[in-house]
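Q: what would the 3D arrangement of this be:
(chains A and B)
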Amino acid sequence: MIDRIRQVVRDHARLPIDVNELEDNADLYQAGMTSHASVGLMLALENAFDVEFPDSMLTRAVFQSISSIAEALSKLEVPAA
Amino acid sequence: MNRLTDRDEDFLTGIRRIAYEIAGPNADAVDHDARFPIEAVDALRGGGALSAFVPVELGGRGVSFEAIAAACFELGRRCGASAMVFAMHQIEVASIVRHADDAPWFQEYLRDLVREQRLIASVTSEIGTGGDMSRSIAALTPGDDGTVRFEKQAPTVSYGAHADDFLATLRRSPDAEPGDQVIVLAARDQVTLEQVGTWDPLGMRGTCSPGYTIRAEFLPEQVLPTPFTAVATESMVPISHILWSHLWLGIATDAFERARTFVRAQAKQRPEQPPPTAQRLSHLMSELSLLRAEVNSALADFEVASEGSRDRLSTMATVLRFNNLKIAASEQAPRVCQGAMGICGIVGFKNDTPFSVGRHLRDTMSASLMVANERIHMTNASLLLVAKDV
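A: As a prediction, this is how the structure comes out:
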């Protein structure tokens, strides 16, 4: 799952750096993700994993890092594999 | 909605007195000369109102947020510029109170604020960001002897020449991304201000808000521990929208009152037949009611969202809710003022009659520009793509 998240982050978070330079728990906002880009990332993740994030999950903290996104997706019962 | 406490009521009694006896009588001169409402601000200082929101533990008055909002409304009824200066200052105070956590420097600062009634100006906008406050160009930079410093080009700093302290947003460091922001508080004697351009605007003239190049050098402890994004979402943005909309409601309410007084005077001249303006006044009252309902319900919603942890304030539904308040109130307030002018006619249009509403109209026309409504619509449009319960 982490690899797929990384790919979506690479394509949609519009980071000024290569996502592979980031640890799983690195702060995406500090890495340069704007709040505007984060909305695009949310939409792309919903698409890629065929889920809908409930509003309670649409917070800055959830999209802060690759690992926090993975945690949120697993709560939505996306298989880890 | 919570009931106001006795402490709140005492505070508001003092505010109403200042509004009626000091801010109101000076409002036309402040507007005409585009000068700072120094009499009203000195009276607010004298009554300890600048630190009213500081908790009692730190020596403040500990009044509720609702009372602060009500104070903006009361001042707005008498002088829009005085109300805006008060509101802007309270936005900065509330942001510090809510996000200083236990940082000793900021705790001590709040005690100083109580003792010295210091006025805080905001340096959040920046030339080159296109009005987007969630990005900064200026950066916090290491200075000499363990200090930090910055230089920022601000297109407007409200009452910059009259402030004791400056709350500025900056990038965290010279190599930080534009959205990685901190808030710093620099005192007047740590700052040099170089005014850029003049101040001769259509309305809110007494806020004295020209542009400045601001340079400051200060201690690292003067950086607020909470990142700006959290402060903005949980406090600064919703609180700005609530306090501003309260004072816009105050201005619109006074414009309505002037129209009502005008219609009553007309009716007294020919008691046998209600004047045609009476019906227009009824239309105007329903426009004012819409504005009042939106402003009051937003305050109640904020109280609910703030209960317990502040997590609810960062949900998209909540962000949208307070963005909508700003858009709705900033468009409705000048509409009410224009309606009042339509009723009063030429005596409303003239600047020197008891029914003058030109200042009201001009002051409220600033509402849709301070944080441009189109920028807020842009944010909302993007949030609406993913938010579910709105």
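Q: is the lowest-mean-pLDDT helix or strand in chain A in proximity to chain B?
A: Using mean pLDDT, DSSP states H and E, the weakest-scoring helix or strand in chain A turns out to be helix A:35-49, at a mean of 90. Yes - counting by Cβ under 8 Å from any Cβ of the partner chain, chain B is contacted by helix A:35-49 at A:35-36, A:39, A:42-43, A:46. (Glycine included, C-beta is placed from N, CA and C.)
Q: follow the chain on from that helix and name the next helix or strand.
A: Next along the chain after helix A:35-49, taking DSSP states H and E as the criterion, comes helix A:66-75.
Q: still on that earlier bit, from the residues of helix A:35-49 next to chain B, list just the buried residues.
A: A:35, A:39, A:42-43, A:46 (16 or more other Cβ atoms under 10 Å in any protein chain shown).
Q: list the contacts for residue A:8?
A: Contact partners of residue A:8, counting by Cβ atoms under 8 Å, 6 or more residues apart in numbering or on different chains, are A:41, A:44-45, A:48.
Q: so, low pLDDT: which residues of the stretch 251-390 of chain B?
A: In the predicted model of the stretch 251-390 of chain B, no residue satisfies pLDDT under 70.
Q: helices of that one, residue ranges please.
A: For the stretch 251-390 of chain B, helices defined by DSSP state H, counting those that start in this stretch occupy the ranges B:276-306, B:316-344, B:346-349, B:358-365, B:373-384.
Q: and if you look at the stretch 51-200 of chain B?
A: In the stretch 51-200 of chain B, the segments counted as helices under DSSP H, counting those that start in this stretch are B:65-76, B:80-99, B:104-116.
Q: give me the distance from the last one to the chain's centre.
A: Yep, that's helix B:104-116 we're talking about. The chain centroid and the centroid of helix B:104-116 are separated by 22 Å, computed with Cα atoms, centre = their mean, to the nearest Å.
Q: from the contact counts, what lies against that helix?
A: Here helix B:104-116 touches helix B:80-99, going by 3 or more Cβ pairs under 8 Å, 6 or more residues apart in numbering or on different chains; DSSP states H and E.
Q: tell me the contacts of the closest residue to chain B within chain A?
A: Residue nearest to chain B within chain A: residue A:32 (3.8 Å; Cβ to the nearest Cβ). Counting by Cβ under 8 Å, 6+ apart, residue A:32 touches A:14-17, B:177-180.
Q: how does it look with 6 Å?
A: Residue A:32 is in contact with A:15-16, B:177, counting by Cβ atoms under 6 Å, 6 or more residues apart in numbering or on different chains.
Q: with residue B:147 instead?
A: By Cβ under 6 Å, 6+ apart, residue B:147 lies in contact with residue B:217.
Q: what's the distance between it and chain A?
A: 24 Å (Cβ to the nearest Cβ, to the nearest Å).
Q: over to residue B:157?
A: Residue B:157 is 25 Å from chain A, where distance means Cβ to the nearest Cβ.
Q: wait, isn't that residue in contact with residue B:211?
A: No - look at residue B:157 against residue B:211 with Cβ atoms under 6 Å: they stay out of range, at 7.3 Å.
Q: among those two, which residue is more densely surrounded?
A: The neighbour comparison of residue B:157 against residue B:211 (other Cβ atoms under 10 Å in any protein chain shown) goes to residue B:157, with 26 against 19.
Q: give the contact list for the more buried one.
A: B:121, B:123, B:212.
Q: now the residues you listed as CSV including pLDDT?
A: Shown next, in CSV, are the contacts of residue B:157 (pLDDT from 0 to 100):
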residue, pLDDT
B:121, 98
B:123, 97
B:212, 98
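Q: which one among these gets closest to chain A?
A: residue B:123 (21.0 Å).
Q: could you find the closest non-adjacent residue to that closest one?
A: Of all residues not flanking residue B:123 in the chain, residue B:168 sits nearest, at 3.8 Å (Cβ to Cβ, 6 or more residues apart in numbering or on different chains).
Q: tell me how far the one you found lies from residue B:22.
A: According to Cβ to Cβ, to the nearest Å, residue B:168 and residue B:22 sit 30 Å apart.
Q: who has more neighbours, those two?
A: The neighbour comparison of residue B:168 against residue B:22 (other Cβ under 10 Å) goes to residue B:168, with 25 against 21.
Q: the more buried one and residue A:11, how far apart?
A: Using Cβ to Cβ, residue B:168 is found at 35 Å from residue A:11.
Q: could you do residue B:380 as well?
A: Residue B:380 is 25 Å from residue A:11, by Cβ to Cβ.
Q: again with residue B:300
A: Taking Cβ to Cβ, one finds residue B:300 at 42 Å from residue A:11.
Q: swap in residue B:387?
A: 22 Å.
Q: count of neighbours near residue B:268?
A: Residues near residue B:268, counting by other Cβ under 10 Å: 9.
Q: residue B:175 now?
A: Residues lying near residue B:175 (other Cβ under 10 Å) number 8.
Q: and stretch B:351-365, which residues are buried?
A: Buried-residue list, stretch B:351-365, by 16+ other Cβ under 10 Å: B:355-365.
Q: tell me how many other residues crowd the residue in the stretch 51-200 of chain B positioned nearest to chain A.
A: Closest residue of the stretch 51-200 of chain B to chain A, Cβ to the nearest Cβ: residue B:177 (3.8 Å). When neighbours are defined as other Cβ under 10 Å, residue B:177 has 19 of them.
Q: give the contact list for it.
A: By Cβ under 6 Å, 6+ apart, residue B:177 lies in contact with residue A:32.
Q: looking at the contacts of residue A:32, which one is closest to residue B:262?
A: Lowest distance from residue B:262 to the contacts of residue A:32 (Cβ to Cβ) belongs to residue B:177, with 55.3 Å.
Q: what pLDDT does the model give that closest one?
A: Here, the pLDDT recorded for residue B:177 equals 90.
Q: ok so, going back, farthest-apart pair in the contacts of residue A:8, please.
A: Based on Cβ to Cβ, the longest span within the contacts of residue A:8 runs between A:41 and A:48 and measures 10.2 Å.
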